[in-house]
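Peer 1: Got a predicted structure here, sequence first:
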Amino acid sequence: MSQLQQQDITQPIEPFIKKLLTSLDLQYSTPTTSYPSVEAYATQFGKSLKPDGSIIINGTPLIPHASPQPSSSKLEFQKKWLQSPLSFHQLNSYDCHLIPGTGTFIINVSAKVRFDESGRNRLGESADLITDHQRQSRALWGSWFGVNIILVVDQTIMTNPEAEVINSFNYRFTFHPEDSVIKI
Amino acid sequence: NESLSFGFPSGGSMFFQDDEIRNMATNFISNYLNLWDSNRADLMVLYQAESQFSMQVDTSHPYLLESKTNNSAGTDFGYYLPNSRNLTRVSSAKTRSSRVAVGQEQIFKAFSQLPKTKHDLLAKPENFSVESYRYSQVNGVIITIHGSFNETDKPDNLDGLQSSVPSGPRNRFAYNQNKKAIALGHKSFDRTLVVIPAPNGAMIVASDLLLIRPFASKDAWKQPQSYQITPPSSA
């Protein structure tokens, strides 16, 4: 690796974004892995979000609840994401700036995503009265949606990519395929 | 069927963290895009020595192929690609850093290397979507705008196009002359500005990230109608 490449502060950002997108696309059970509980699964989504960060999905902020159990915006996001159909994201493009004196990056991500349109949620549950959990059901992938994601991320991502570093997460659909049955 | 719903309530096309941000962001955007279309030099008062601007192109963003409003020109990115900072594609550290314009002079040059435009914000606000919220680390506000524009003329400054011709073959000038004219058309964009209000009421743009993609209609953020969901046929 050349000296110049070592100096490029934006280098850790691409693996970070890919990891974030992959976390959103995790499956509850695959032939090789399965989570011990739904909670253990759901808390994987957007693991690098700060609990008190700003999360805006399609123009709606995730608001933490005080009761019955105190929650966080991150937890509210994970609960809702769990109910959505299985997704598959693909990173197309990104650009970012380190804002001097703030210790934070702002990142503009362009991606595409498609959803399982088989009528099951992420846990594999469908509206059918009898759900066969044993049967490995195959996803019926729909057409691609376009997505723009704006992130504000702590500069510490450079040394500790596993930490909770996302201060704000703004996820907006930018293209809606005509033939999709997914309601957004 | 709930399993065919994305699960998040639709907030519509606009999100503002509070009324103060709503006023500030809506004023800012309408003035900004108006000047962007009419005279980009007038925007330079917003940029200071540490301000950053860069532009990226996502040519593979999904869009409707058979859209009546989308002629082939909507996918000619010839004016943008030479300066695109799509970091998934630009690997050299030198190029990655040179494609960020820093300070007024470089930013103005970058602006003048982009085609002249017309944003129909006043006549068709429904074609745009905005999110604006606080960015506490800079004591400022993030303003993100999604929408589309018409390219009305070639850029004022075409220097970037010449330098983009791969150096090497001796006939680089001949190649340039033979090159097909770059078509103007409709494009969509996602632009995020970090704006810091100054004490005297002025504004400073600390960061400006512009993304250009093929033209897509406003369908992504229109209020959902009562969709008739037909169950998928059993496989």
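Peer 2: It's in.

Peer 1: how about the strands of the chain, start to end?
Peer 2: Because you didn't say which chain, this covers chain A. A:49-57, A:60-61, A:87-99, A:104-115, A:145-154, A:166-175 (DSSP state E).

Peer 1: The chain in question should be chain B.
Peer 2: Counting by DSSP E, the strands of chain B are B:14-16, B:47-57, B:101-102, B:116-118, B:129-135, B:140-153, B:186-197, B:203-214.

Peer 1: Pairing partners for the last one, with directions?
Peer 2: For strand B:203-214, the pairing partners within the sheet under DSSP bridges are strand B:47-57 (parallel), strand B:186-197 (antiparallel).

Peer 1: Stretch B:31-49: which residues count as buried?
Peer 2: Judged by neighbour count (16 or more other C-beta atoms under 10 Å in any protein chain shown), stretch B:31-49 contains these buried residues: B:32-33, B:35-37, B:40, B:43-44, B:46-47. (C-beta placed from N, C-alpha, C; glycine too.)

Peer 1: Let's see which of those end up in helices.
Peer 2: B:32-33, B:35-37 (DSSP state H).

Peer 1: Adding mean pLDDT and distance to B:Thr26, write the strands of chain B out as a markdown table.
Peer 2: Output for the strands of chain B, formatted as a markdown table (pLDDT from 0 to 100; distance: least, C-beta to C-beta, whole Å):
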| stretch | mean pLDDT | distance to B:Thr26 |
| --- | --- | --- |
| strand B:14-16 | 95 | 8 |
| strand B:47-57 | 97 | 21 |
| strand B:101-102 | 98 | 26 |
| strand B:116-118 | 98 | 19 |
| strand B:129-135 | 97 | 8 |
| strand B:140-153 | 97 | 9 |
| strand B:186-197 | 96 | 12 |
| strand B:203-214 | 97 | 13 |
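
Peer 1: Residue 80: neighbouring residues, count only.
Peer 2: Reading this off chain A. A:Lys80 has 19 neighbours, counted by other C-beta atoms under 10 Å in any protein chain shown.

Peer 1: wait, chain B
Peer 2: If we define neighbours as other C-beta under 10 Å, then B:Tyr80 has 21 of them.

Peer 1: so how far is B:Thr117 from it?
Peer 2: 12 Å (C-beta to C-beta, to the nearest Å).

Peer 1: next one: A:Ile107
Peer 2: Taking C-beta to C-beta, one finds A:Ile107 at 25 Å from B:Thr117.

Peer 1: Repeat that for A:Ala42.
Peer 2: When distance is defined by C-beta to C-beta, A:Ala42 is 43 Å away from B:Thr117.

Peer 1: of the two, who's got more company?
Peer 2: Neighbour count, other C-beta under 10 Å: between A:Ala42 and B:Thr117, A:Ala42 has more, with 21 against 18.

Peer 1: ok, what's across the strand from the residue nearest to A:Ile149 when sequence neighbours are not counted?
Peer 2: Sequence neighbours aside, A:Val109 is the residue nearest to A:Ile149 in space, at 4.1 Å (criterion: C-beta to C-beta, 6 or more residues apart in numbering or on different chains). With DSSP bridges as the criterion, A:Val109 is bridged to A:Tyr94, A:Ile149.

Peer 1: Near residue 139, how many other residues are there?
Peer 2: All of this is about chain A. 17.

Peer 1: My question was about chain B, not that one.
Peer 2: Residues within reach of B:Asn139, counting by other C-beta under 10 Å, total 10.
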